[in-house]
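> Have a look; sequence and predicted model below, questions after that.
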Amino acid sequence: YVADYTSGLAVIDISDPTNPGIPVYEPTTGYAWGVYVSGDYAYVADGASGLAVIDISNPTNPGIPVYEDTTGAALGVYVSGDYAYVADYTSGLAVIDISDPTNPGIPVYEPTTMFAYDVYVSGDYAYVADTNSGLAVIDISDPTNPGPPVYEDTTESAIGVYVSGDYAYVADLGSGLAVIDISDPTNPGIPVYEPTTGSARDVFVSGDYAYVADYTSGLAVIDISDPTNPGIPVYQDTTGYAWGVYVSGDYAYVADHTSGLAVIQVREIIDRWNPVITDAPSNLPVEFGYTGQSLSWTATDANPNTYTIKLEGTGIVTGPTAWTSGVAIIYNIPDGFAVGIYVYTINFTDTEGNYVTNNIAFTVEDTTSPVISDAPTDLTVEYGYTGQSLSWTATDANPSTYTIELEGTGIVAGPTTWTSDIAITYDVPNGFAVGDYVYTVNFTDDRGNHVTDSVAFTVEDTTNPIITDAPTDLTVEYGYTGQSLSWTATDANPSTYTIVPEGTGTATDPTAWTSGIAITYDIPDGLAVGIYVYTINFTDTEGNYVTDSVTFTVEGDGDGAGAAISFGNYYLIFLVIGIISLAFVQRRRKL
């Protein structure tokens, strides 16, 4: 429904907004400046003719206007309940009873200081765009007796007004859009301005946007989600001069002066902003073998559409799926990924093709060292051992290689691949000398984690030498010559031997001996008749030893010749001689 100035009321079919129908006109006697539809009637601000009421119960055939003249010039109109509120230019606000639309009542006036150009009713108050006086707020709790206006001046000329919530939005000509806090209608706040490039003539509010008919600049769309800080206008030019605006659904209907009605799909204008991701996960590192991991994003947009989640190198793993502004979406990451970096990209789109993406790196790490589940204890063996081995078992999710190192020698096995929970066995070489040998195994996985274990392999010699050949006891005749004793012993690690004659100390210095090689001791010639005991002691390098004793007896011949006379025998002989001599002397004295 268009107030078409000299043509009166124009009714246009907009059932298909992209293809408006041909206007149907109902002429008026004045100049149609503004229109408000309520029920089956269109209420036209008809300039010098005052208020024109037209039956539109059949929009294709409007009825003949019924007039109620006003003293000024009716430029704007708003219907609330049983009353039409008319911005009556020089007469201020005119209130007309329309309880019977076919017979409007006589106007009741509340003058304003300037020129009432437009009016909007909210609750108990009428808000009048009063040109150079700015916004006039009038108490209409009793429509038959409006209260005196309260003013909030604007910097230019207020000619259009719309009220939404606690704010009045004023089309203020060259100052653009003025936003005034009316939470206390008796004390309006100081205007906040958002300039426009044209000349603001009318304003309509829908949702978070104010739509301004901006004359030469066409339609200006301003974000008012924060009324105290309006956004920068987005424009859609028209071929004429945008004078009035009304929004319904996705379309703005602009009274475009000489170009007639301009229909603009405003969603395409207002939704030029990408969705905004308000909450996103951080890059997520997890340990290999993880379970139950998920990613969550929240985005906002006026017109959300769908989202997809893509895994780099794989493709889309979720979606397209519808999403709701401000509601989190959650993606459950499959269990069982191998070690590596997995990049997920979410793409939120809205119905206008705007989009926003976010990338998250999901990193599967292996920071856990292999675990040795079975290891040998330190091992002590006897010198000359054979067939000795060491065995280890380790576990890891990603086994790689192992090495075995012999201290002082270096790596003696590997690098060799290993399998989790399968034993590896190392055969110790035969023939190690007596000593301590430390083996260290090092298990690594494919992420460089490792574990080591050391085992001491000790070769001992606790076996005494063995005398394999020894002389028997030996008896010789006094005056013997060239007698000797010979022993043979065996040992893995022979060291020295000594031969000790009983009662005379060491006969030989410690002397090296060789396993299996006889050693010979030459008995000194000239030993007196008697018994001589020789004891040999073989030792090895580990302090083990074995002894053997041999008795060497020197005897006299059958005549006693050559027999050695011992000190005791000499003593007896001299004693006998002494006794005989004493007896002989005593006998001579008697004679």
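On my side now, so go ahead.
> didn't residue 356 look like it was pressed against residue 280?
No. When contacts are counted by CB atoms under 8 Å, residue 356 is not listed as touching residue 280 (10.1 Å). All C-beta spots, glycine's among them, are computed from the backbone N, C-alpha and C.
> So for these two, which sits in the more crowded spot?
Higher neighbour count among residue 356 and residue 280: residue 356, with 18 against 14, using other CB atoms under 10 Å.
> Counting neighbours, what do you get for the residue nearest to residue 199 when sequence neighbours are not counted?
Closest residue to residue 199 apart from its sequence neighbours, by CB to CB, 6 or more residues apart in numbering: residue 215 at 4.0 Å. By other CB under 10 Å, 24 other residues sit near residue 215.
> show me what contacts residue 215?
Residues near residue 215 by CB atoms under 8 Å, 6 or more residues apart in numbering: 198-201, 241-243.
> Just the CA atoms of stretch 478-494, as CSV, please.
Extracted C-alpha coordinates of stretch 478-494, given in CSV (Å, rounded to 0.1, in the frame of the first residue of the first chain):
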residue,chain,number,x,y,z
TYR,A,478,122.7,-92.6,52.4
GLY,A,479,125.2,-91.2,49.9
TYR,A,480,122.6,-91.0,47.1
THR,A,481,123.0,-88.6,44.2
GLY,A,482,120.8,-87.2,41.4
GLN,A,483,117.5,-87.6,43.0
SER,A,484,114.5,-85.5,41.9
LEU,A,485,110.7,-85.1,42.3
SER,A,486,108.3,-84.3,39.4
TRP,A,487,104.7,-83.1,39.4
THR,A,488,102.3,-82.2,36.6
ALA,A,489,99.2,-80.0,37.3
THR,A,490,96.4,-78.6,35.1
ASP,A,491,94.4,-75.3,35.5
ALA,A,492,92.8,-72.8,33.2
ASN,A,493,94.7,-70.0,34.8
PRO,A,494,98.0,-71.3,36.3
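> could you give me the average pLDDT of it?
The pLDDT scores in stretch 478-494 average 95.
> what comes up buried for it?
478, 480, 485, 487-494 (16 or more other CB atoms under 10 Å).
> Tell me which two in these are the farthest apart.
478 and 492 (43.1 Å; CB to CB).
> on that earlier part again, in strands, which of the buried residues of stretch 478-494 appear?
Cross-referencing those against strands under DSSP state E gives 485, 487-490, 494.
> for these, which one is nearest residue 138?
Nearest member of these to residue 138, counting by CB to CB, is residue 494, at 129.6 Å.
> Could I get the buried residue list for the helix or strand residue 394 falls within?
Under the criterion of DSSP states H and E, residue 394 resides in strand 389-395. The neighbour-count check on strand 389-395 (16+ other CB under 10 Å) flags 390, 392-395 as buried.
> same deal with stretch 211-226?
The neighbour-count check on stretch 211-226 (16+ other CB under 10 Å) flags 211-215, 217-224 as buried.
> Over to stretch 364-372?
For stretch 364-372, a neighbour-count test (16+ other CB under 10 Å) marks 364, 366, 368-370 as buried.
> With secondary structure added, can I get the residues you listed in JSON lines?
As requested, the buried residues of stretch 364-372 are arranged in JSON lines below (DSSP: H, G, I helix; E, B strand; the rest coil):
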{"residue": "364", "secondary structure": "strand"}
{"residue": "366", "secondary structure": "coil"}
{"residue": "368", "secondary structure": "coil"}
{"residue": "369", "secondary structure": "coil"}
{"residue": "370", "secondary structure": "coil"}
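> Output those residues in a markdown table; the columns should cover distance to residue 183 and pLDDT.
Formatted as a markdown table, the buried residues of stretch 364-372 follow (distance: CB to CB, whole Å; pLDDT from 0 to 100):
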| residue | distance to residue 183 | pLDDT |
| --- | --- | --- |
| 364 | 55 | 94 |
| 366 | 61 | 90 |
| 368 | 62 | 92 |
| 369 | 66 | 95 |
| 370 | 70 | 96 |
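> Do a quick rundown of the strands in the stretch 201-350 of the chain.
202-206, 209-213, 219-223, 234-236, 244-248, 251-255, 261-265, 276-279, 284-287, 294-300, 304-311, 315-322, 329-332, 340-350 (DSSP state E, counting those that start in this stretch).
> which residues touch residue 98?
Per CB under 8 Å, 6+ apart, neighbours of residue 98: 41, 43, 53, 79, 82-84, 104-105.
> which residue sits closest to the residue nearest the centre of the chain, ignoring its sequence neighbours?
By CA atoms, centre = their mean, the mean C-alpha position of the chain lies nearest to residue 284, the distance being 2.3 Å. Leaving aside its chain neighbours, residue 284 sits nearest to residue 362 (5.1 Å; criterion: CB to CB, 6+ apart).
> List the pairing partners of the stretch of helix or strand the one you found belongs to within its sheet, with orientation.
For residue 362, the host element (DSSP H and E) is strand 355-365. Here strand 355-365 has these sheet partners by DSSP bridges: strand 284-287 (parallel), strand 340-350 (antiparallel).
> Turn these into JSON lines, columns for mean pLDDT and distance to residue 537.
Shown next, in JSON lines, are the strands paired with strand 355-365 (pLDDT from 0 to 100; distance: least, CB to CB, whole Å):
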{"stretch": "strand 284-287", "mean pLDDT": "95", "distance to residue 537": "67"}
{"stretch": "strand 340-350", "mean pLDDT": "96", "distance to residue 537": "72"}
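> quick one, helices of the protein?
266-270, 567-590 (DSSP state H).
> mean pLDDT lowest for which of the ones you listed?
helix 567-590 (a mean of 50).
> where in this protein is pLDDT low?
Scanning the chain for pLDDT under 70 picks out the ranges 267-272, 504-506, 557-591.
> Go again with 80.
Of all residues in the chain, those with pLDDT under 80 make up the ranges 267-272, 503-507, 557-591.
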